[in-house]
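Novice: Sequence first, then the predicted structure, then my questions.
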Amino acid sequence: MSVTMKDVEHIMGLARLSFSEVEKEGLTKDLNNILKYVDELGSLSLEGVEVTLNPVHIENRFREDVVQGELGTEKALMNAPQRVEDYLLVPTVIEVEDGEL
């Protein structure tokens, strides 16, 4: 599998990114190098290698799930750049075409 310039441009469109032609070429090359490396890792023989999930033993220290007070609307919104009444106002991130999402 290889990444083409068209693939990079598609990803750029989805992420709403813009790059110069030189940057796109570099990104295409980098992504192809990453995929090549992943293929190399996939071809390694792991016969005789003991399965480990984590080389370091880690133990979670859970606490009781109890309510510890409220933040409150005013305190939560006091640094909001824009708000409408008790709501945080954010830029539109989903564009609707022809009434469909």
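Specialist: Cool, got the structure. Numbering: from 1, shown residues only.
Novice: where does this protein dip in pLDDT?
Specialist: Scanning the chain for pLDDT under 70 picks out 99-101.
Novice: Which residue lies nearest the spatial centre of it?
Specialist: residue 15 (10.4 Å; C-alpha atoms, centre = their mean).
Novice: residues of the helix ranked longest in the chain that come out buried?
Specialist: When the chain is parsed with DSSP state H, its longest helix is helix 21-42. Within helix 21-42, the residues that count as buried by 16 or more other C-beta atoms under 10 Å are 27-28, 31. Just so you know, the C-beta spots here come from the backbone N, C-alpha and C atoms, and that holds for glycine as well.
Novice: mind putting these in a markdown table, distance to residue 3 included?
Specialist: Compiled in a markdown table, those are given as follows (distance: C-beta to C-beta, whole Å):
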| residue | distance to residue 3 |
| --- | --- |
| 27 | 8 |
| 28 | 6 |
| 31 | 4 |
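Novice: ok, the residues you listed vs residue 39, which is closest?
Specialist: residue 31 (12.8 Å; C-beta to C-beta).
Novice: In space, what's closest to that closest one - neighbours in sequence excluded?
Specialist: Distance criterion C-beta to C-beta, 6 or more residues apart in numbering; nearest residue to residue 31, sequence neighbours excluded, is residue 3 at 4.3 Å.
Novice: Residue 8 - how many residues pack around it?
Specialist: Residues near residue 8, counting by other C-beta atoms under 10 Å, number 21.
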